[in-house]
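Asker: Sequence first, predicted model second:
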Amino acid sequence: MNVMNSIVNFFKDGGVFLYPLALIFVVGVAIAVERFVYLTRETARNRALWHELVPALGVGNFKQLIALTQDSKASIATILSYGIARAANARRRDDVEKAMDESLLEVIPRIEKRTHYLSSLANVGLLIGLLGTITGLIRAFSAVATANPAEKANLLAASISVAMNNTASGLGVAITLLLAHMFLESKTTSLIDSLEIASVKFLNSINERQGQAETAPSAAPTSRPAAAARGAV
């Protein structure tokens, strides 16, 4: 109860600018929590799907790859679906790579969605706190200029308290949201890097399968003459 009273008194003493600061803080925290949940879930989905795809990718079982990617909503499923569809019709690595790059352009905005708002909200919160501080100081000097000498100290102390409350609130909001932005940015970058690594591994696997398919027919003619020669002997 004492904590609630302290918070209520803080807002009363801090002036009107603390209310938009509180709104910015709530919106920023809501965005940070939503992004954290999304990125954590997406990372887990991609990791689980990749563990299922590796055996099929190793043996070149594209039917199983297609089935697994179609049944999944993970980001890596979208990227590999583009690559598998292009690999069925294209022979060159560049064509498959362009298709997967196109899918990355579709996936990355979903991963980075709303995260950049945190830095903007942090800057706005800091500026609002600064505005509240300047307003409090202006009121302080205005009140002191027209007040009785006996009341000047009390009025000055009250107005400076309002200014400092705004400063502390603005800094608290800005620091909290910037730290959340830094953490989510690192998590986002890690997820995008993992998708790019998976794309490269998929392309390498496709090239290996195509190379084996090209070398297999060339080995077959050499075996037939040898068999004929053995038959002739």
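Answerer: Structure received. Every value quoted in this text rests on a predicted model; they were computed, and no experiment measured them.
Asker: what's around residue 171, how many residues?
Answerer: When neighbours are counted by other CB atoms under 10 Å, residue 171 registers 14. (Each C-beta comes from the backbone N, C-alpha and C, glycine too.)
Asker: ok, now residue 180?
Answerer: The number of residues packed near residue 180 is 22, by other CB under 10 Å.
Asker: what about it, distance to residue 119?
Answerer: Separation of residue 180 from residue 119 (CB to CB, to the nearest Å) stands at 10 Å.
Asker: Please apply the same query to residue 47.
Answerer: Applying CB to CB to residue 47 and residue 119 gives a distance of 28 Å.
Asker: neighbour count winner among the two?
Answerer: residue 119 (17 against 12).
Asker: which residues touch the more buried one?
Answerer: Contacts for residue 119 (CB atoms under 8 Å, 6 or more residues apart in numbering) come out as 177-178, 181.
Asker: Repeat that for residue 206.
Answerer: With CB under 8 Å, 6+ apart, residue 206 has these contacts: 83, 87, 93, 96.
Asker: Residue 35 contacts residue 185, correct?
Answerer: No. Under the criterion of CB atoms under 8 Å, residue 35 makes no contact with residue 185, lying 10.0 Å away.
Asker: re the thing from before, tell me which entries of the contacts of residue 119 lie within strands.
Answerer: The members of these all map outside strands under DSSP state E.
Asker: If we only consider the residues you listed, which is nearest to residue 107?
Answerer: The nearest member of the contacts of residue 119 to residue 107, counting by CB to CB, is residue 181 at 20.8 Å.
Asker: Would you quantify the distance from the closest one to residue 174?
Answerer: 10 Å.
Asker: just to revisit the earlier point, select from the contacts of residue 119 the one having the most neighbours.
Answerer: Within the contacts of residue 119, neighbour counts (other CB under 10 Å) peak at residue 177, which reaches 27 neighbours.
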